[in-house]
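1. sequence unknown, structure follows:
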Ligand code: 13P
Ligand code: SF4
């Protein structure tokens, strides 16, 4: 028999005794994706967290995702491998800034990308993820102005898809802006038959150069359905683990070698084990923030 990694064995034993479930985002390191009970995009992970019956959720992703799990399952213990795994985009806007924007645009509906703190969500009308942003904006009456926060590039993508004029904020993902349209052009030249996939957090020249612009899990389903043997990947490098596992016969070429989210990579198998051992660090939120963020997340889940 093949010797099993003792850390993995210990994680599996503790998972049982703690009745825990391990959720992981598509950008997590391969070892974490392999021990997870479910690997998905932000929308799928929120839905999963909302309906799980396990008393403990170990959330392997970044801080705002674990907060979302806590908001949707407030009676559960939500722990993370490392509290330092944040998301710089989500730190680009504060609840005070949302309140100031609302005062300036009192008519506007505030649509907040889930890559934001729970406290910012609590100041919002409705949330969206990259998977449902277009549907959420389309669900809002055409005569209402929309303030879209915090990702300017996702906002611009939604504008192009819906034809709506959005009031945009200046947030961005420092990882996705590293991909250049010239990276896509170069790889297309070397692999003329390849499928090009990109995340809507990429600026417009990259999104427009891609064949598919989608959330991380929709990327995975588009790749599975495509008959193209080579795929140029315009998103965070961790995505290639899932894509390669599901499509061992296909070749994946990163559009940009430095498209690495350092925060997603703070989590390690050892830290995941310690989180399960200690049930710490735990995500804790005030009742007020939970209630406010829940309203905006529930509205999102009702629409999509
Ligand atoms: P997805 O919801 O598409 O998985 O995206 C999350 C994210 O942080 C992208 O950078
Ligand atoms: Fe945040 Fe970008 Fe990392 Fe996603 S890839 S978690 S948006 S910094």
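-> Received the coordinates, thanks. Bear in mind that the values here come from a model prediction, so they are computed numbers and not experimental data. Numbers count the residues shown, from 1 in each chain. Ligands and ions are numbered 1, 2, ... in the order given.

2. Do the longest helix seen in the chain and ligand 1 come into contact?
-> Identified as the longest helix of the chain according to DSSP state H is helix 287-303. No. Figure legend: helix 287-303 not in contact with ligand 1 (CB under 6 Å from any ligand atom); closest approach 12.2 Å. Quick note: C-beta positions are derived from backbone N, CA and C, even for glycine.

3. Give me the buried positions along the helix or strand bottoming out on mean pLDDT in the chain.
-> Of all helical and strand segments in the chain, the minimum by mean pLDDT, DSSP states H and E falls on helix 42-51, at a mean of 94. Under the neighbour-count criterion of 16 or more other CB atoms under 10 Å, helix 42-51 has 42-46, 48-50 buried.

4. Report the angle between that helix and helix 287-303.
-> 110 degrees (axes from the mean of the first three to the mean of the last three CA atoms, to 10 degrees).

5. how about the residues of the stretch 101-250 of the chain that lie near ligand 2?
-> Looking at ligand 2, the residues of the stretch 101-250 of the chain close enough under CB under 6 Å from any ligand atom are 115, 173-176, 201, 236.

6. May I see the PyMOL selection of the buried members of these?
-> To isolate the buried ones among these in PyMOL, judged by 16+ other CB under 10 Å, type:
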select buried, resi 115+173+175+176+201+236
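
7. Show me what from the protein comes close to ligand 1.
-> Near ligand 1, when you scan the chain using CB under 6 Å from any ligand atom, you find 26, 41-42, 115, 129-130, 173, 199, 201, 215-216.

8. if we go to 8 Å?
-> Within the chain, the positions adjacent to ligand 1 are 25-27, 40-43, 45, 61-62, 65, 87, 89, 114-115, 129-131, 173, 175-176, 199-201, 214-219, 235-236, 261, 264 by CB under 8 Å from any ligand atom.

9. got the contact list for residue 244?
-> 250, 252 (CB atoms under 8 Å, 6 or more residues apart in numbering).

10. and residue 75, how many neighbours?
-> When neighbours are counted by other CB atoms under 10 Å, residue 75 registers 6.
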